[in-house]
Structures are given as C-alpha cells and as structure tokens.
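**Student:** need coordinates for the following:
(one chain, ligands or ions: 2)
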Amino acid sequence: MYSKILVLRFSSEVAQKPVVYHLTRDFDLVFNILNAAILPGKEGVMVLELSGSRKNFRDGVKFLKNSGIKVQNASREVKRVAARCTHCGACTAVCPTGALSIKRPEMEVVFDQEKCSICELCVPACPPRAMEVRPIRDAFLESTTAREAVGLSVRP
Ligand code: SF4
Ligand code: SF4
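**Tutor:** Numbers count the residues shown, from 1 in each chain. Ligands and ions are numbered 1, 2, ... in the order given. Have a look, this model is predicted:
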C-alpha cells in the first residue's frame, strides 16, 4: 500500500465538482481529508492522505491535475519562531483557518498548528519574519507522529 499526504489547491469552480469522490470510485484509492479551507479570493485548499497501489495513486494524481487541481506533496510545515513574534496581529488578518488568533484580554497572538492548512499566507504578512516554512523532515525530529509533525487536524 502506497500512501502520501497531499495538498490540493483548486478554484471555486472545481470545488463544486465531486472530484475527490472519483478517486475512490474510479481509482480504488482511499482518502482521508485532514484539513480544508477556502482562502481569500475563493481558492480552496485541501490536505488529504491518499492511499492505494502505486499505479492507482499515479493515475489518481494525474486525474486530479487534469481536473485543474494543483497537487503538492505536504512535505513542509509552517512554524512560528516565538522569540521573533511581537504579537502585532498582522498574521491573524490573513489566516483563513483561524490557526492564528488573538487571545483576549491578553491580546496575545496564539498559533494553533492543528488548524494550519499550510497555505503560507502568514509568511510574507509577518513583519519580523516569525512565521517560517520548514521541510517536514525537521518536524519529524520534534514530533512523535507524521500527522502531528505536519501540524494538521486529524478527523477521528
Ligand atoms: S505577524 Fe508575525 S510578529 Fe505579528 S503576531 Fe503574527 S507571527 Fe507575531
Ligand atoms: S500557513 Fe499561516 S495563514 Fe495559512 S493556515 Fe497556517 S497559520 Fe494560517
């Protein structure tokens, strides 16, 4: 069994179609949606774990791409370097999933990595560059499981 975590980016038109359902019906693939969000500008992002035979996996990914979906390996994670954060709040305005939010009354910006969809919008929005994209390999050294490592919320 071949399995990988993928990030899918798609337009609002594609979001109307049952594209992911076809992965099961036409390619005998098993999928587990780990996170999904609609970004400003109506682009959708979905993080899913896809499993099946290598050939079906390849064919399924080809089908996704032919359907107008951008497919990336979820080989990166977004981390906050706490020492650099000034709690200015700029990142909370662009974060589409609520992973970055302001805790009141302390007015402290908190980062809930489980809600992060790895869209990377916060990276250029942060003046002191406190939000960083890192290879997942580094994350494995710090976390106990692959899912924790990529900072995804996992459905039970
Ligand atoms: S934009 Fe950067 S410095 Fe400002 S609250 Fe967010 S992470 Fe902290
Ligand atoms: S990458 Fe940044 S903006 Fe995007 S969901 Fe994660 S914390 Fe929010």
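**Student:** ligand 1 contacts on the protein?
**Tutor:** Neighbours of ligand 1 within the chain, by C-beta under 6 Å from any ligand atom: 80, 85-91, 109, 125-126, 128, 130-131. Every residue, glycine included, has its C-beta placed from N, CA and C.
**Student:** one more pass at 5 Å, please.
**Tutor:** 85-88, 90-91, 109, 126, 130 (C-beta under 5 Å from any ligand atom).
**Student:** which one of the residues you listed is nearest Ala15?
**Tutor:** Of all these, Cys91 has the smallest distance to Ala15: 24.9 Å, by C-beta to C-beta.
**Student:** my guess is the closest one contacts Pro127. True?
**Tutor:** No - applying C-beta atoms under 8 Å as the test, Cys91 and Pro127 come out as separate, 9.5 Å apart.
**Student:** looking at those two, which is more packed in?
**Tutor:** Cys91 (24 against 11; other C-beta atoms under 10 Å).
**Student:** and ligand 2, is the strand or helix carrying that one touching that?
**Tutor:** Using DSSP states H and E, Cys91 sits within helix 90-94. No - residues of helix 90-94 are not located near ligand 2 by C-beta under 5 Å from any ligand atom, the shortest gap being 5.6 Å.
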